[in-house]
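Participant: Curious how this folds, go ahead:
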Amino acid sequence: MLTVTIADPGLVLLVGAAGAGKSLIAVRHFTPDEILSSDALRAAIAGDEADQRASAAAFQILHREVERRLAAGRLTVVDATNVRATHRRPLLARAQAAGMAVAAVVLDLPPATVHARNAARDRVVGRAVVERQLGWLRETVDRSVLQAEGIDPVVVLRSQRDIDTLRIVRAAALPPTR
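Facilitator: Residues are numbered from 1 along each chain as shown. Now for the predicted structure:
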């Protein structure tokens with residue numbers, strides 16, 4: 001069993017390419033009111049979670065909600081690819097401003113597994129896009145970028161067994177110091 005302890009309240013980033021299983025992790029381990037999904041926000045804005053034209057507005061809302069929820073002392077899970085530092089940076093800044101810890105659950109599955117899962121979804125993301133995301137993920141994991149960004153804990157899931165045996169334990173976070 002793979003056990004990770006996260007601060008509650010705090011920020012949890014799900015990190016992985018499209019189709020890797022981030023949303024599955026979210027619904028297995030967190031309640032719907034704890035999850036902010038970029039796909040769900042695109043769907044709410046454009047009527048289609050795949051409509052990338054809605055991404056800018058979706059992420060504006062997501063960032064505003066992260067800030068609001070952390071300020072209110074709520075556990076917040078961000079279900080988005082989060083594979084690039086430029087995409088994580090505003091989330092980390094909001095957590096730091098709220099005095100909240102940040103954890104990451106990384107889906108670093110074999111590329112063939114990710115492509116197969118993506119192909120089996122209702123909404124398939126283009127192979128080239130997934131390949132780019134896998135490249136960014138590889139750099140992030142191999143260079144321990146998440147740890148360097150101050151994210152702790154970082155749990156890396158590399159197989160279906162890791163996903164199936166993941167256990168998330170919540171620990172009461174210390175009140176923010178300001």
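Participant: So which helix or strand of this structure has the lowest pLDDT on average?
Facilitator: Ranked by mean pLDDT, DSSP states H and E, the weakest helix or strand in the chain is helix 38-46, scoring a mean of 86.
Participant: For it, could you pull out the residues that count as buried?
Facilitator: Using 16 or more other C-beta atoms under 10 Å as the test for burial, helix 38-46 gives Ser38, Asp39, Ala40, Leu41, Arg42, Ala43, Ile45, Ala46. For the C-beta atoms, the positions are set from N, CA and C on the backbone; glycine is no exception.
Participant: same thing with stretch 81-96?
Facilitator: Under 16+ other C-beta under 10 Å, the buried positions of stretch 81-96 are Thr81, Asn82, Val83, Arg84, His87, Arg88, Leu91, Leu92, Arg94, Ala95.
Participant: centre of the chain versus the least confident helix or strand of the chain, how much separation?
Facilitator: 16 Å (C-alpha atoms, centre = their mean, to the nearest Å).
Participant: Show me the helices in this structure, by range?
Facilitator: For the chain, applying DSSP state H gives helices covering 22-29, 38-46, 55-71, 85-98, 111-120, 127-142, 145-148, 160-165.
Participant: Next, the angle helix 22-29 makes with the second one.
Facilitator: With axes from the mean of the first three to the mean of the last three C-alpha atoms, to 10 degrees applied, the angle from helix 38-46 to helix 22-29 works out at 110 degrees.
Participant: separation between Pro9 and Ala112?
Facilitator: 37 Å (C-beta to C-beta, to the nearest Å).
Participant: And the pLDDT at the closest residue to Asp8 other than its chain neighbours?
Facilitator: Nearest non-adjacent residue to Asp8, counting by C-beta to C-beta, 6 or more residues apart in numbering: Arg170, 4.0 Å away. With respect to pLDDT, Arg170 scores 96.
Participant: In the sheet, which residues pair with Arg170? Tell me.
Facilitator: Ile6 (DSSP bridges).
Participant: Out of the buried residues of helix 38-46, which is nearest to Gly150?
Facilitator: Ser38 (22.2 Å; C-beta to C-beta).
Participant: Wait, that closest one touches Gln60, no?
Facilitator: No - with contact defined as C-beta atoms under 8 Å, Ser38 does not reach Gln60; the gap is 11.1 Å.
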